[in-house]
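Asks: Model the following, please.
(one chain, ligands or ions: 1)
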Amino acid sequence: MAEFIKVATKAEIQNGKMKAFTIKGKQITLANTDGEYLAFDDTCSHAQCSLAGGYLDGYTLTCYCHGGQFDIKTGEVLGPPPPSPIGIYKVKVENEDILVEI
Ligand code: FES
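Replies: Numbering: from 1, shown residues only. Now for the predicted structure:
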């Protein structure tokens, strides 16, 4: 059953930055876009590179391996070559803590 789990504190994810975590055996990346925290699958749907190592511009994430692009708010592919969307997760902020539903 899905539940909110504390993953990080706000201080750990600066604006424009991303960080990968293992939660319940899943690799999830947490991103901070202008103070909004978003969580999504860390593994690119193309060749399994870590998306936390990519480049973030607003909600657009560019995979560092082959330049594939995703919308991290919806998980949709914005630019090839990734063949399919990535999973996204609900995020809740409680005081200084960031929680992800998984
Ligand atoms: S592994 Fe991400 S675009 Fe190829």
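Asks: Phi, psi for the nearest residue to residue 90 once chain neighbours are set aside please.
Replies: Excluding the flanking residues, the one nearest residue 90 by CB to CB, 6 or more residues apart in numbering is residue 101, at 4.0 Å. Any C-beta I mention is one placed from the backbone N, CA and C, and that applies to glycine too. Dihedral pair for residue 101: phi -90, psi 120, per degrees, to the nearest 10.
Asks: Help me confirm that residue 101 comes into contact with residue 4.
Replies: Yes - if you go by CB atoms under 8 Å, residue 101 and residue 4 touch, sitting 5.1 Å apart.
Asks: Common neighbours of these two, please.
Replies: 90, 92 (CB atoms under 8 Å, 6 or more residues apart in numbering).
Asks: What residues does the chain have near the ligand?
Replies: Residues of the chain lying close to the ligand (CB under 6 Å from any ligand atom) are 44, 46-47, 49, 63, 65-66, 68, 81-82.
Asks: more crowded one of residue 101 and residue 4?
Replies: Neighbour count, other CB atoms under 10 Å: between residue 101 and residue 4, residue 4 has more, with 16 against 13.
Asks: May I see the buried residues of the longest strand anywhere in the chain?
Replies: Using DSSP state E to define each element, the chain has its longest strand at strand 26-33. For strand 26-33, the buried set under the neighbour-count rule, 16 or more other CB atoms under 10 Å, comprises 28-33.
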